[in-house]
Each structure stands twice: as C-alpha cells, then as structure tokens.
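Asker: Sequence first, then the predicted structure:
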Amino acid sequence: MKVTIIGPGAIGTLLAAFLARKNNEVWLLDKYTERALKIGKGGIRVEGLTKINAKVKTTSEAKEIGHQDAVILCVKSYDTEEAIKKTGALVKEDTLVLTLQNGIGNTQILNDIIGEDQVLAGITSQAATIIRPGVVRHTGKGETVIGRTTKKPLGRARVLLELLNKAGMPTRTTKDINSLIWSKLIINSGINAISAITRLKNGALLDYPAARELMRQAVSEAARVAKRKRIRLNYDDPIQKVESVCKASGENLSSMLQDVLRKKKTEIDFINGAIVRQGKSLNIATTVNETLTNLIKTIENSYQQQQ
Ligand code: PAF
C-alpha cells in the first residue's frame with residue numbers, strides 16, 4: 001500500500017517506522033528540505049519500548065511522490081491547512097486522508113478542502129518523543145481509534161484499520177470519533193498548558209495542590225462546554241480521568257511542554273483556545289482556559305527574550 005505520512009514529528013516518525021518495517025511503500029513528507037534529506041539519508045530509528053531501524057523515502061516536494069492510497073496527517077494543528085493544500089498529486093478521489101492530530105478543528109479543515117467522504121479522524125494513545133530528526137523514543141503504548149467524521153459506514157476505509165494493525169499499532173474503529181476527539185481534548189486541556197507553564201512532567205502536576213486545582217478548573221470548564229454540545233465523553237468523571245492520565249503518563253513531558261522547551265509554536269489555539277472559542281459561542285465562562293491560553297501565547301511570543 002502506498003502511504004505518505006505528513007510531518008516527521010514524534011508520532012509521524014514512529015508511524016513511518018512501524019509501517020516501513022512491514023514493507024509498505026512509505027514516504028515521509030516534510031516542509032523542510034534539509035531535514036527531509038537528512039532523514040532520508042540516515043533512515044529512521046525508534047528507541048525505547050520498540051526498537052526499529054527503517055529506511056523511508058523523504059521529500060519536501062509532494063510532486064515527487066505521486067498518487068497515494070492513504071495520507072496520514074501528523075503535522076501540528078496550526079500547519080494542517082497549509083500542509084493539505086500542498087499535497088497536490090498525492091490526493092486523488094480514491095485517496096484516504098487520516099488525521100492523527102491533537103485538538104479540535106483539523107477534521108473541519110480537511111473536510112472543507114478534501115471532502116468528507118475521503119477524510120477519517122483518529123486519536124492515538126501511543127506516546128513518543130523526538131530525540132533528533134529521524135530518531136524517536138517510543139515512550140507509551142496504547143490503542144489508536146479511527147472513524148469517519150460523518151455517519152457513513154467505514155467501507156473501504158477499513159484498509160487503514162488493517163494497515164495500522166498489521167504494522168503493530170493496535171487500532172479499532174468507532175462510529176463516534178467526535179466523542180473520542182473531545183474526550184482527548186478535555187484531557188489535553190487539563191495537562192498540556194499547565195505542564196508547559198510549570199515545566200513539570202505529567203505525573204508531577206499531581207504533587208502540587210495549586211497546579212492540581214488549576215487542572216480541575218480547566219477540565220471542568222471544558223467538560224461543561226462538551227456537555228452543552230451534547231458530546232458523549234468516553235469516561236464518567238473528567239477530573240478523575242485527567243488525573244489518571246497524569247499518573248499513567250507520569251514520566252512524560254506533554255507535547256506542549258516539549259514544544260515550549262524547543263521554543264516552538266504550540267497547539268494552544270486548538271486545545272485551550274478552542275475551548276474558549278466554543279465557550280464564547282455558547283455563553284459558557286472559560287476563564288481558566290482563557291488565562292492558560294494567554295500565558296502560553298506570552299511564552300511563545302517571548303522566546304527571544306527568555307534565557
Ligand atoms: O499531548 C500530549 O502530550 C498527550 O496527549 C498527553 C495525553 C497529555 C500525554 O502527555
């Protein structure tokens with residue numbers, strides 16, 4: 001199967017390695033030419049929970065790749081629109097496009113540009129940290145869940161399910177992917193910004209009562225928004241769930257903390273920022289999420305001045 005992964009971040013690199021070791025024809029599309037060349041030359045290495053050395057084809061030019069059976073989007077959410085608009089010849093009417101990104105808003109962008117019949121959304125509980133371009137540490141195993149963003153049956157999109165399972169990534173499908181995306185969004189709204197501001201590992205957030213309280217407030221606001229939107233969460237108690245994710249991923253640095261440590265733009269607009277936007281349109285107060293969003297934006301905008 002011809003598959004292109006867009007975005008050589010932690011999950012993109014991990015996925016490319018898993019797929020390549022099962023002899024799929026894998027391309028990794030990167031927006032940076034130099035980095036693409038480097039990864040293509042040195043190959044991909046996975047360390048940690050899984051050990052893989054794999055060769056994948058890399059490029060920054062979509063026209064080099066040609067028509068694909070599937071395209072998996074692993075770029076940061078703020079790059080979704082630009083990345084998909086540049087795919088050109090990769091995506092024809094029969095190409096499936098799967099987003100495995102954090103936050104909300106990505107599926108809408110893809111549906112608008114590609115058309116909802118070809119778009120699938122997914123969330124993954126696999127965790128990984130980039131060590132350097134092409135080298136990734138696999139830090140957590142978990143299931144991946146994919147589904148259509150419409151009520152239509154999965155149909156030929158089943159090939160993606162097979163592809164991921166055969167590659168060693170346990171994957172199942174759901175009829176209500178929106179519920180899973182929101183369930184993950186609420187967890188991210190409680191952990192990511194607070195860990196990035198405090199620079200604490202996920203587990204350590206529970207050791208500080210003030211951080212724990214902030215987390216509870218951010219999550220309660222987000223859960224209120226979800227409830228008003230009649231979104232069914234896949235857990236009963238959002239606060240308990242977030243705290244259990246902190247424990248389970250105790251040694252992990254959240255993706256937003258990793259971004260801040262590398263002085264990179266974060267996905268705040270698609271996580272806490274998205275809760276604020278949704279809250280405003282529903283007249284629900286999201287003060288804590290707004291404060292967290294403003295603090296992260298201040299950190300992003302002052303990277304130059306930081307020591
Ligand atoms: O974005 C992340 O880092 C992860 O989704 C999570 C669940 C917060 C664990 O680190």
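Answerer: The structure has been received and is ready for your questions.

Asker: is it true that residue 274 touches residue 185?
Answerer: Yes - between residue 274 and residue 185 there is a contact under C-beta atoms under 8 Å: 7.1 Å. In this view, the C-beta of every residue, glycine as well, is placed from N, C-alpha and C.

Asker: More neighbours: which of the two?
Answerer: residue 185 (26 against 23; other C-beta atoms under 10 Å).

Asker: tell me the contacts of the spatially most central residue of the chain?
Answerer: Nearest to the mean C-alpha position of the chain, by C-alpha atoms, centre = their mean, lies residue 101 at 2.6 Å. Residue 101 sits next to 73-77, 80, 270 when contact means C-beta atoms under 8 Å, 6 or more residues apart in numbering.

Asker: what's the farthest-apart pair in the residues you listed?
Answerer: 74 and 270 (14.0 Å; C-beta to C-beta).

Asker: Have a look at these two and say which one is more surrounded.
Answerer: residue 74 (24 against 21).

Asker: doesn't residue 19 make contact with that one?
Answerer: No - using C-beta under 8 Å as the test, residue 74 is too far from residue 19 to be in contact (11.8 Å).

Asker: Now do the shared contacts for these two.
Answerer: residue 5.

Asker: For the chain, which residues are neighbours of the ligand?
Answerer: 102, 187-188, 191-192, 202, 245, 249, 252, 254-255 (C-beta under 6 Å from any ligand atom).

Asker: Among those, name the ones in helices.
Answerer: Using DSSP state H, the subset of these located in helices is 187-188, 191-192, 245, 255.

Asker: residues making contact with stretch 237-249?
Answerer: Stretch 237-249 is contacted by residues 127, 140, 183, 186-187, 190-191, 202-203, 205-206, 212, 215-216, 219-220, 222-223, 235 when judged by C-beta under 8 Å, 6+ apart.

Asker: And that stretch, how far out from the chain middle?
Answerer: The chain centroid and the centroid of stretch 237-249 are separated by 18 Å, computed with C-alpha atoms, centre = their mean, to the nearest Å.

Asker: How about stretch 208-218?
Answerer: 24 Å.

Asker: For that stretch, list every residue counted as buried.
Answerer: Applying a neighbour-count criterion of 16 or more other C-beta atoms under 10 Å, the buried positions in stretch 208-218 are 211-212, 214-218.

Asker: Save the residues you listed as a markdown table, and put in secondary structure, distance to residue 266 and pLDDT too.
Answerer: Shown next, in a markdown table, are these (DSSP: H, G, I helix; E, B strand; the rest coil; distance: C-beta to C-beta, whole Å; pLDDT from 0 to 100):
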| residue | secondary structure | distance to residue 266 | pLDDT |
| --- | --- | --- | --- |
| 211 | helix | 18 | 98 |
| 212 | helix | 22 | 98 |
| 214 | helix | 17 | 98 |
| 215 | helix | 17 | 98 |
| 216 | helix | 22 | 98 |
| 217 | helix | 20 | 98 |
| 218 | helix | 15 | 98 |
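
Asker: Kindly indicate which of the residues you listed lies nearest the ligand.
Answerer: residue 215 (11.1 Å; C-beta to the nearest ligand atom).

Asker: could you list every residue that touches the nearest residue to residue 156 once chain neighbours are set aside?
Answerer: Among residues not flanking residue 156 along the chain, residue 96 sits closest, at 7.5 Å (C-beta to C-beta, 6 or more residues apart in numbering). Residue 96 makes contact with 69-71, 118, 120, 156-157, 159-160, according to C-beta under 8 Å, 6+ apart.

Asker: Show me what residue 96 bridges to in the sheet.
Answerer: Beta-bridge partners recorded for residue 96 (DSSP bridges): residue 70.

Asker: Check what pLDDT it gets.
Answerer: At residue 96, the predicted lDDT confidence score is 95.

Asker: got it, and the one 10 residues further on?
Answerer: The confidence metric pLDDT takes the value 94 at residue 106.

Asker: Can you get me a residue count around it?
Answerer: With other C-beta under 10 Å as criterion, residue 106 counts 23.

Asker: how close does it get to the ligand?
Answerer: Look at residue 106 and the ligand: by C-beta to the nearest ligand atom, to the nearest Å, they are 14 Å apart.
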